[in-house]
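**Student:** Just to be clear, the model below is a prediction. Sequence and coordinates:
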Amino acid sequence: MQNSNKAVVIFSGGQDSTTCLFLAIQEFGVENVEVVTFQYGQRHAIELEKAQWIAQDLGVKQTLIDTSVIKAITNNALMDKNATIENKDNMPNTFVDGRNALFLLYTAIYAKGQNINTIFTGVCETDFSGYPDCRDVFIKSMNVTLNLAMDYNFNIRTPLMYLTKKQTWALADKLGAFDYIREHTHTCYLGVEGGCGSCPSCVLREKGLKEYLKERQSCSK
């Protein structure tokens, strides 16, 4: 029997997935939320440490899944520490083919085993790097595919899909998690503690943060 009162969050320890985690906890209660984290050979493995710390700090069950076998069949700058991060053919070379499809598949398999049907993922097609597997059309198609593949009613939630990074920071503030997310999450592709300030992920995060802080300061006057 499916449990509509529980949820699982695809959790990297970054800004977006941590925002989704706080949303899930607000809606379902901390005792009814779990997270799934993936080790796929990412060069910024520090995010695994951040994810583990946050899960323990908030008191949610974490399941770590190793999908590093993907390194044997694809090459990209997100898994090659010697590669220079750059745009190629209008897409960052940090794009990992099939990553979000794998994440959703394995999370769905886990969720079904736990009788959970709600899956949160922090993908976004507004302020993003151009990854095709962050688009709403992909998520919706994957939702249908997983439902058919396992004869199970999955509900994939993407609360950040149409938010800018500024709006995501605003949401974190509304949830009372602004300072927590700012201090404890990791976004940097290069794995630099506190962020390198120059990789695409850091630039996007800081741009949204500055825009939100400026707006918040203006509203407080």
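**Tutor:** Nice, thanks for sending it over.

**Student:** got the contact list for the helix-or-strand element of the chain with minimal mean pLDDT?
**Tutor:** Every helix and strand in the chain was compared by mean pLDDT, DSSP states H and E; the lowest is strand 87-88, with a mean of 77. By CB atoms under 8 Å, 6 or more residues apart in numbering, the surrounding residues in contact with strand 87-88 are residue 93. Backbone N, C-alpha and C define where each C-beta goes, glycine included.

**Student:** Residue numbering should commence at 177 henceforth.
**Tutor:** Sure, I'll start numbering at 177, so the last one becomes strand 263-264.

**Student:** and after that strand, which helix or strand comes next?
**Tutor:** Next helix or strand after strand 263-264 toward the C-terminus (DSSP states H and E): strand 267-268.

**Student:** ok, that following strand: who's next to it in the sheet?
**Tutor:** Applying DSSP bridges, strand 267-268 is found paired with strand 263-264 (antiparallel).

**Student:** Quick one: the helices in this structure, in order.
**Tutor:** 191-204, 222-234, 275-289, 312-326, 341-350, 354-360, 376-396 (DSSP state H).

**Student:** Among those helices, show me which one is buried the most.
**Tutor:** When those are scored by mean count of other CB atoms under 10 Å, the highest mean neighbour count falls to helix 191-204 (a mean of 23).

**Student:** quick one, phi/psi of the nearest residue to residue 206 once chain neighbours are set aside?
**Tutor:** Nearest residue to residue 206 in three dimensions, chain neighbours excluded: residue 235, at 5.7 Å (CB to CB, 6 or more residues apart in numbering). With angles defined as degrees, to the nearest 10, residue 235 sits at phi 80, psi 40.

**Student:** Residue 235 against residue 209, yeah?
**Tutor:** No - using CB atoms under 8 Å, residue 235 is not in contact with residue 209; the gap is 9.5 Å.

**Student:** Between these two, which has more neighbouring residues?
**Tutor:** Taking other CB atoms under 10 Å, residue 235 and residue 209 do not tie; residue 209 has more neighbours (27 against 10).

**Student:** what sits opposite that one in the beta ladder?
**Tutor:** Residue 209 has these beta-bridge partners by DSSP bridges: residue 183.
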